[in-house]
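Enquirer: No letters, just coordinates:
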């Protein structure tokens, strides 16, 4: 394929699609229970071709201050007009000839970002709007998909992937009963998942974690995720998790409460991992320096996009801090980009990059299926241009929960 120049990308329109996809089983965490994934899809139309992305905001503002209705509104009213204006003014991707392609592996995050000037220009174009990182991330990812398709490069290549398969973990929600939890976990073990993550909350912690550890045996990778459900006074209880030999305990306290995470890290042997507290490279470095975390969960939507995720990964890699890729119930569209990111060298722990059938009976793209043989418990990294997957537009129409919105 002929390489496109940044000037040729030319953003022409932005489409917003609202869909509802039923989950194969309810997913419960400390902040709520979901039976349907309501997703906001973004499609950009450019002179060089289209790009698709998925906004990871949830239906309600419980996990995050961002939610689907709010993300759609801020894109329609503020972000899309700003991005279209930037493109019309020649700012989107700059001007000039083709870009020399150097991956993260060869030239670091800055080189990888420089190789996609149109996507790199999205953040500055949207900076006038405060926060709304998930909405911004969706726009950046859609432009990135279009730009890489025009260049004939995959996200894995652009990011600097060093492996063709990534280890997969699975996130297990809060179950109605202990017996149902153990049945669910046993099923995932049988499928080959290489790590189990349990959602916990006050009153659902030591007993279920102990039962699952007994089921799995001492060598299996097991971690827990509290989604900010605990308080500083719970540190003695959380320290009791040490006896279960966990890989990590994830975000037990409020995202702004680094001090309590520092105290927990000092009080227990189990590594503390931060999720909601990590918004960008700056907050990651600050948390690491304070001793609030020794492992980082990288979620591109929470960080404002894949390009900032590359910066966070590079900073953690330099400090020898392991990272892993978190999940937000993504369809195959968002999952494809996450799997490409998880193939970078600093992603040393299995991520929440589960197979499609963990959440969906039918996926928005061709399904992601766990490998077999030596690749049991792994997903193949997409190798095609852009995300490497194709959106099934007939399902976008069939699952639509609102008419599409066209912005020019």
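Expert: Yep, it's here. Quick caveat: nothing in here was measured; it's all calculated off a predicted structure.
Enquirer: isn't residue 358 right up against residue 169?
Expert: No. Taking Cβ atoms under 8 Å as the contact criterion, residue 358 and residue 169 are not neighbours in contact, 10.3 Å apart. Using the backbone N, CA and C atoms, a C-beta is placed for each residue, glycine as well.
Enquirer: what about the stretch of helix or strand residue 186 belongs to, average pLDDT?
Expert: Using DSSP states H and E, residue 186 sits in helix 178-191. Model confidence over helix 178-191, given as mean pLDDT, is 98.
Enquirer: Could you shift the numbering so residue one becomes 460, and keep it that way?
Expert: Okay, using 460 as the starting number, the last item reads as helix 637-650.
Enquirer: So which elements touch it?
Expert: Helix 637-650 sits against strand 628-631, strand 654-658, helix 665-675, with contacts defined as 3 or more Cβ pairs under 8 Å, 6 or more residues apart in numbering; DSSP states H and E.
Enquirer: out of those, nearest to residue 599?
Expert: Nearest to residue 599 among those is strand 628-631; the distance by Cβ to Cβ comes to 24.8 Å.
Enquirer: from the chain's centre, how far out does the closest one sit?
Expert: Computed by Cα atoms, centre = their mean, to the nearest Å, the separation of strand 628-631 from the middle of its chain amounts to 14 Å.
Enquirer: So in that sheet, which strands flank it, and in what orientation?
Expert: Strand 628-631 has its sheet partners listed here by DSSP bridges as strand 654-658 (parallel).
Enquirer: Pull the residues that contact the strand it pairs with.
Expert: By Cβ atoms under 8 Å, 6 or more residues apart in numbering, the list of residues contacting strand 654-658 from outside reads 487-489, 626-633, 640, 644, 647-648, 667-668, 671, 675, 679-686, 706, 709, 808-809, 811.
Enquirer: Show me what counts as buried in the longest strand belonging to the chain.
Expert: Counting by DSSP state E, the longest strand found in the chain is strand 470-488. Applying a neighbour-count criterion of 16 or more other Cβ atoms under 10 Å, one finds 470, 473-478, 480, 482, 486-488 buried in strand 470-488.
Enquirer: Would you reformat these as a markdown table and include pLDDT and distance to residue 742?
Expert: Output for the buried residues of strand 470-488, formatted as a markdown table (pLDDT from 0 to 100; distance: Cβ to Cβ, whole Å):
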| residue | pLDDT | distance to residue 742 |
| --- | --- | --- |
| 470 | 96 | 30 |
| 473 | 98 | 29 |
| 474 | 98 | 32 |
| 475 | 98 | 29 |
| 476 | 98 | 31 |
| 477 | 98 | 30 |
| 478 | 98 | 31 |
| 480 | 95 | 31 |
| 482 | 94 | 31 |
| 486 | 88 | 27 |
| 487 | 83 | 28 |
| 488 | 87 | 22 |
